[in-house]
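Participant: Quick one: sequence and predicted model below, then my questions.
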Number of protein chains: 2
Amino acid sequence: MSDTTSSQWQPLPRLRTHEQVVAEIENRLNSGKLKAGDRLPPERQFAEALGVSRGAVREALRILEAIGVVEAGTGSGPTSGSRIVKDSTVGMGMVLRIHLQLASFTQDDMIETRLMLERLTCHKAAGVVEGDHLNELRRLVTQMRGPHTVAEYNDLDTAFHVGIAQMSGNGLAAAMMAAMREAMRQAMVAGFENLDDPAGTMSAVTDEHQLILDAIAAGDGDGAAELVTKHIMGFYHVLGLGTSTQMG
Amino acid sequence: MSDTTSSQWQPLPRLRTHEQVVAEIENRLNSGKLKAGDRLPPERQFAEALGVSRGAVREALRILEAIGVVEAGTGSGPTSGSRIVKDSTVGMGMVLRIHLQLASFTQDDMIETRLMLERLTCHKAAGVVEGDHLNELRRLVTQMRGPHTVAEYNDLDTAFHVGIAQMSGNGLAAAMMAAMREAMRQAMVAGFENLDDPAGTMSAVTDEHQLILDAIAAGDGDGAAELVTKHIMGFYHVLGLGTSTQMG
């Protein structure tokens, strides 16, 4: 069947009880027995049904809450159990953010990876031009023109780029984009606040968003991808974030 | 400072105790007071120091273990506390896998996003050609020629692509690549096992790996990126995974 090394016996993985609970929920999601919107039983019944301690159930639910898979139930009664949610943004953002802080990867890695995603999603969005999404993007650019705190402006900026990713139809790219923005939020807001002329920069950045939007609306994918590249490289340069990033 | 909506009062986020513990650890990572390799105090001392229950500490540690940030301590004594690790693969793989099962995103999304990462990392790897990494990649391709189970072959295949990403120097891309492979492992192995001629397919796939490696070794980034695109599109096509993926 194969070489000797891998056919030798190896210790079985020791799953702790709460890991078994997570694995069981994952199996049910995999087989379709559980889906977004479904409720899990209240903690006590759930523990009894699985034949494990309430502590193990609670630990498993805490993990699934942290990665954005379940939403904690409150109170008691039929609606008190945790609910399966369908939003990977928070969970992935948390994981990316904490690993960025652990220096598992650098800000340059993040910027470079973001750039690839932005080019992909701009390109795709231009190919699927769609009224509702376009109107929402136009609304965001208009809103960007108002007076804003740096944090508010950053939220609109994030909504614009994530909106393009959603319009592209690639849900993973959209979730990763949102997660990266969450992970870099603090650094971006702080960088912006240190600028000599935040309002002037906001205005220039909004103009760039308008150009990207125009290219997408015109169905010009290559143009949108080039514009978003220039936009992001220039933006990080102005903010003094990242040092060696260049396109592959 | 800004428009009325956002200056209205909003409920403060209610952090539960275990979330406060996670946040405190995250703050210390952020400020550099904690780093990879450091140990956290044993559960009981940790809970006393933070003035919280042992249950809250345990829930926080379970979350951080699940996302690959801490490694559980065993036994008692000075080395019994959990240790900060520095590997985002497991945690991100778990998060991606469970959200794939939740259908937060599709297999097509995953393949398309993988393709972008592969092109980026092949391109960069060709620009930083480096002896040790190249030798490791050569060793993997040689090893692929041996007889293997489908699962073993998939592991070598994963090591090859993640190895290119590591050679590229982008740690985030490497971690995401590894996470995606983990998330798709089951589907890929099953797809491979259903082929009429798994051994013949392995041999053809290994030849493609050799060509990609040659292009990287020759410093031909564009060539490597094109070859990896052809390789991946062809591979998923043969396996019957994904349906509508096309490059942006």
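Facilitator: Cool, the structure landed.

Participant: got the buried residues for stretch A:140-151?
Facilitator: Of all the residues in stretch A:140-151, those buried under the rule 16 or more other C-beta atoms under 10 Å in any protein chain shown are A:140-141, A:143-144, A:148-150. Heads up, the C-betas are built off the backbone N, CA and C, glycines and all.

Participant: out of the residues you listed, which are inside helices?
Facilitator: A:140-141, A:143-144, A:150 (DSSP state H).

Participant: Report the two of those residues separated the most.
Facilitator: Using C-beta to C-beta, the two most remote members of those are A:141 and A:150, lying 17.6 Å apart.

Participant: now the ones in helices among the buried residues of stretch A:140-151 as CSV including distance to residue B:239?
Facilitator: As requested, those are arranged in CSV below (distance: C-beta to C-beta, whole Å):
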residue, distance to residue B:239
A:140, 39
A:141, 42
A:143, 45
A:144, 44
A:150, 47
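
Participant: Out of those, which is nearest to residue B:199?
Facilitator: Nearest to residue B:199 among these, with distances taken as C-beta to C-beta, is residue A:140, at 53.4 Å.

Participant: Surely that closest one and residue A:159 touch.
Facilitator: Yes: shown here, residue A:140 and residue A:159 form a contact pair, counting by C-beta atoms under 8 Å, at 5.6 Å.

Participant: Buried ones in the one helix or strand residue A:202 maps to, by neighbour count?
Facilitator: Using DSSP states H and E, residue A:202 sits within helix A:198-217. Neighbour-count burial for helix A:198-217 flags A:201-202, A:205-206, A:208-210, A:212-213, A:215-216 (criterion: 16+ other C-beta under 10 Å).

Participant: quick one: average pLDDT of stretch A:237-248?
Facilitator: The average pLDDT within stretch A:237-248 is 58.

Participant: Mind naming the longest helix for chain A?
Facilitator: Max-length helix for chain A by DSSP H is helix A:171-193.

Participant: For chain A, which residue occupies the most central location?
Facilitator: residue A:179 (2.7 Å; C-alpha atoms, centre = their mean).

Participant: so what's residue A:54 up against?
Facilitator: A:43-44, A:47 (C-beta atoms under 8 Å, 6 or more residues apart in numbering or on different chains).

Participant: again, only using 10 Å
Facilitator: Applying C-beta atoms under 10 Å, 6 or more residues apart in numbering or on different chains to residue A:54 gives the contacts A:43-44, A:46-48.

Participant: Equivalent analysis for residue A:100, please.
Facilitator: By C-beta under 10 Å, 6+ apart, the contact set of residue A:100 is A:106-107, A:109-110, A:180, A:183-184, A:187, B:29-30, B:88, B:171-172.

Participant: How is chain A partitioned into domains?
Facilitator: For chain A, the TED database gives the domain ranges A:17-84, A:104-239.

Participant: if we take the contacts of residue A:54, which one ends up nearest to chain B?
Facilitator: Comparing those against chain B with C-beta to the nearest C-beta places residue A:43 closest, at 12.7 Å.

Participant: Quick check, pLDDT for residue A:87.
Facilitator: Residue A:87 is given a pLDDT of 71.

Participant: try residue A:61
Facilitator: 94.

Participant: List the buried residues of whichever strand or helix holds it.
Facilitator: In this structure, residue A:61 sits in helix A:54-66 according to DSSP H and E. For helix A:54-66, a neighbour-count test (16+ other C-beta under 10 Å) marks A:56-66 as buried.

Participant: residue ranges with poor pLDDT in chain A?
Facilitator: Applying pLDDT under 70 to chain A flags the ranges A:1-8, A:10, A:13, A:74-79, A:86, A:88, A:103, A:242-248.

Participant: What are the boundaries of the helices in it?
Facilitator: For chain A, applying DSSP H gives helices covering A:4-7, A:17-31, A:43-50, A:54-66, A:89-101, A:107-127, A:131-144, A:150-168, A:171-193, A:198-217, A:221-239.

Participant: ok, residue A:144 - contacts?
Facilitator: Neighbours of residue A:144 in contact, by C-beta under 10 Å, 6+ apart: A:152-153, A:156-157, A:159-160, A:202-203, A:205-207, A:209-210.

Participant: Could you export these as CSV, including distance to chain B?
Facilitator: CSV is the format used below for the contacts of residue A:144 (distance: C-beta to the nearest C-beta, whole Å):
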residue, distance to chain B
A:152, 6
A:153, 9
A:156, 10
A:157, 15
A:159, 13
A:160, 17
A:202, 12
A:203, 15
A:205, 17
A:206, 15
A:207, 20
A:209, 18
A:210, 20
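
Participant: Closest to residue A:9 out of those residues?
Facilitator: Nearest to residue A:9 among these, with distances taken as C-beta to C-beta, is residue A:159, at 53.4 Å.

Participant: how far is the helix holding residue A:61 from where the chain is centred?
Facilitator: 22 Å (C-alpha atoms, centre = their mean, to the nearest Å).

Participant: again, but for stretch A:181-193
Facilitator: With C-alpha atoms, centre = their mean as the basis, stretch A:181-193 stands 15 Å off its chain's centre.

Participant: is that stretch anywhere near chain B?
Facilitator: Yes: Stretch A:181-193 lies within reach of chain B by C-beta under 10 Å from any C-beta of the partner chain, at A:183, A:186.

Participant: Buried residues of that stretch, list them for me.
Facilitator: Across stretch A:181-193, burial judged by 16+ other C-beta under 10 Å covers A:181-185, A:188-189, A:191-192.

Participant: Looking at those residues, which is nearest residue B:37?
Facilitator: Nearest to residue B:37 among those is residue A:183, at 22.2 Å by C-beta to C-beta.

Participant: Does that closest one touch residue A:104 like I think?
Facilitator: No: look at residue A:183 against residue A:104 with C-beta atoms under 10 Å: they stay out of range, at 11.6 Å.

Participant: Now for the two: what residues contact both?
Facilitator: In contact with both residue A:183 and residue A:104: A:96, A:98, B:172, using C-beta under 10 Å, 6+ apart.

Participant: and the second one, what does it touch?
Facilitator: For residue A:98, the set of contacting residues under the criterion of C-beta under 10 Å, 6+ apart consists of A:104, A:183, B:22, B:25-26, B:29-30, B:63-64, B:67-69, B:88, B:91.

Participant: Buried ones among these?
Facilitator: Those of the contacts of residue A:98 that meet the buried threshold are A:104, A:183, B:22, B:25-26, B:29, B:63-64, B:67-69, B:88, B:91, by 16+ other C-beta under 10 Å.

Participant: Any chance of TSV for those residues, columns distance to residue A:125?
Facilitator: Formatted as TSV, the buried ones among the contacts of residue A:98 follow (distance: C-beta to C-beta, whole Å):
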residue	distance to residue A:125
A:104	30
A:183	23
B:22	35
B:25	38
B:26	33
B:29	35
B:63	35
B:64	36
B:67	31
B:68	32
B:69	34
B:88	28
B:91	30
